[in-house]
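A.B. asks: Turn this into a structure:
(one chain, ligands or ions: 2)
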Amino acid sequence: MSALPRIRARKSFSEVVGRTLHRGQLGIVQINVGKLCNQACLHCHVAAGPKRTEIMRSQTVDRSIDPLKGAKGQVHTVDLTGGAPEMMPDFRRLVLAARALNIKVIDRCNLTVLHLAGQEDTAKFLAENGVEVVASLPCYSKTNVEQQRGKGVFGESISALQQLNLLGYGRPGTGLVLNLVYNPGGPSLPPAQSGLERDYKERLQEDFGVVFNHLFTITNMPIARFRTDLERSDQLENYMQLLLDNYNPATVDGVMCLDQISISWDGRLFDCDFNQMLEIRAPFKARTVFELDSFDALSGQRVAVADHCFGCTAGAGSSCGGTLD
Ligand code: SF4
Ligand code: SF4
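C.D. replies: Ligands and ions are numbered 1, 2, ... in the order given. Here you go, the predicted model:
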């Protein structure tokens with residue numbers, strides 16, 4: 001991955017923030033189980049797709065779970081992402097192991113995966129084990145969704161949401177949480193999260209009878225496939241300038257690397273999923289889960305930042321859980 005281009009008369013992220021970022025208490029372990037996905041979306045920061053072969057093996061799954069057992073209960077959430085996490089052969093074993101330790105599990109689900117052969121009972125499995133589902137749906141209109149995510153994706157996503165609703169997801173009193181994720185269709189910042197959530201709720205309920213808990217708006221990161229797209233259309237520098245111009249210091253104390261770490265499909269440790277994709281090493285003594293006895297050792301460590309971090313601090317801020325300020 002090449003370095004981000006210099007932008008005229010601008011400062012680096014470190015200079016703008018003016019201090020070193022340190023992780024506090026580690027609470028969330030995000031595991032990117034691999035790059036295999038049934039989709040190949042335009043803005044995917046993982047560059048995932050059906051032909052990718054990188055996928056977490058059983059031994060790495062075991063070694064990602066073991067340090068949780070020694071973590072004195074401070075890690076409260078395991079956040080599974082990919083690719084399509086459900087396509088990893090050990091997906092269910094990983095979920096069950098974390099749930100057996102009373103740790104919350106989040107499945108970052110692309111929805112269409114629930115229609116694949118062999119995945120017919122995945123939604124039921126998620127419900128039975130109280131897994132929180134965070135599902136990508138970058139718009140409530142077919143045209144916008146299919147521009148980003150491919151032909152046929154909208155209808156399949158809606159029917160997957162209806163299936164999740166039937167199991168109790170997104171419905172009051174069930175404890176089954178269903179959150180949706182919006183990201184802009186191009187090089188702009190997301191609109192206000194609360195207003196867009198109202199629009200989504202209205203449209204999805206009226207048009208399809210779909211209900212959900214919250215909408216997370218996420219800023220597109222200038223890396224991987226989205227970056228290539230920006231480069232092709234000669235918009236990368238303008239987009240970086242947009243992120244920099246909208247730097248919001250109030251978001252810095254909420255960036256997700258301050259309470260989470262990221263594990264790659266092959267067991268390497270990173271400060272976040274974006275740093276993982278850019279191969280920016282975390283300054284941990286342990287490089288992989290194979291060298292780690294407990295996640296406790298990763299609390300309090302310095303975070304490795306670079307200019308893509310402006311994607312987390314622009315406007316209302318951005319994280320896997322939506323806005324930050
Ligand atoms: S954005 Fe999600 S669904 Fe789309 S290719 Fe990437 S991992 Fe797959
Ligand atoms: S990109 Fe990663 S390291 Fe940079 S601020 Fe965001 S979460 Fe932290």
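
A.B. asks: can we go C-alpha only for contacts and neighbour counts from here?
C.D. replies: Noted.

A.B. asks: tell me which residues in stretch 10-27 are buried?
C.D. replies: For stretch 10-27, the buried set under the neighbour-count rule, 16 or more other Cα atoms under 10 Å, comprises 12-14, 17, 21-23, 25-27.

A.B. asks: Which residue does the stretch 51-200 of the chain have closest to ligand 1?
C.D. replies: Going by Cα to the nearest ligand atom, ligand 1 is nearest to residue 83 of the stretch 51-200 of the chain, at 3.7 Å.

A.B. asks: And what about residue 31, helix, strand or coil?
C.D. replies: strand (DSSP: H, G, I helix; E, B strand; the rest coil).

A.B. asks: Repeat that for residue 251.
C.D. replies: In three-state terms, and counting by three-state DSSP, residue 251 is helix.

A.B. asks: looking at it, it is touching residue 319, isn't it?
C.D. replies: No: between residue 251 and residue 319 there is no contact under Cα atoms under 8 Å: 10.1 Å.

A.B. asks: Please report how far whatever residue of the stretch 151-300 of the chain ends up closest to ligand 1 lies from ligand 2.
C.D. replies: Of the stretch 151-300 of the chain, the residue with the smallest distance to ligand 1, taken as Cα to the nearest ligand atom, is residue 225 at 9.2 Å. To ligand 2, residue 225 is 16 Å away according to Cα to the nearest ligand atom, to the nearest Å.

A.B. asks: just residue 66 next, same as before
C.D. replies: Distance of residue 66 to ligand 2, given as Cα to the nearest ligand atom: 24 Å.

A.B. asks: what does residue 139 give?
C.D. replies: Counting by Cα to the nearest ligand atom - residue 139 and ligand 2 are separated by 24 Å.

A.B. asks: Surely that residue is in contact with residue 145?
C.D. replies: Yes: contact criterion Cα under 8 Å: residue 139 and residue 145 qualify, at 5.6 Å.

A.B. asks: What residues does the residue of the stretch 51-200 of the chain closest to ligand 1 make contact with?
C.D. replies: 32-37, 46, 48-49 (Cα atoms under 8 Å, 6 or more residues apart in numbering).
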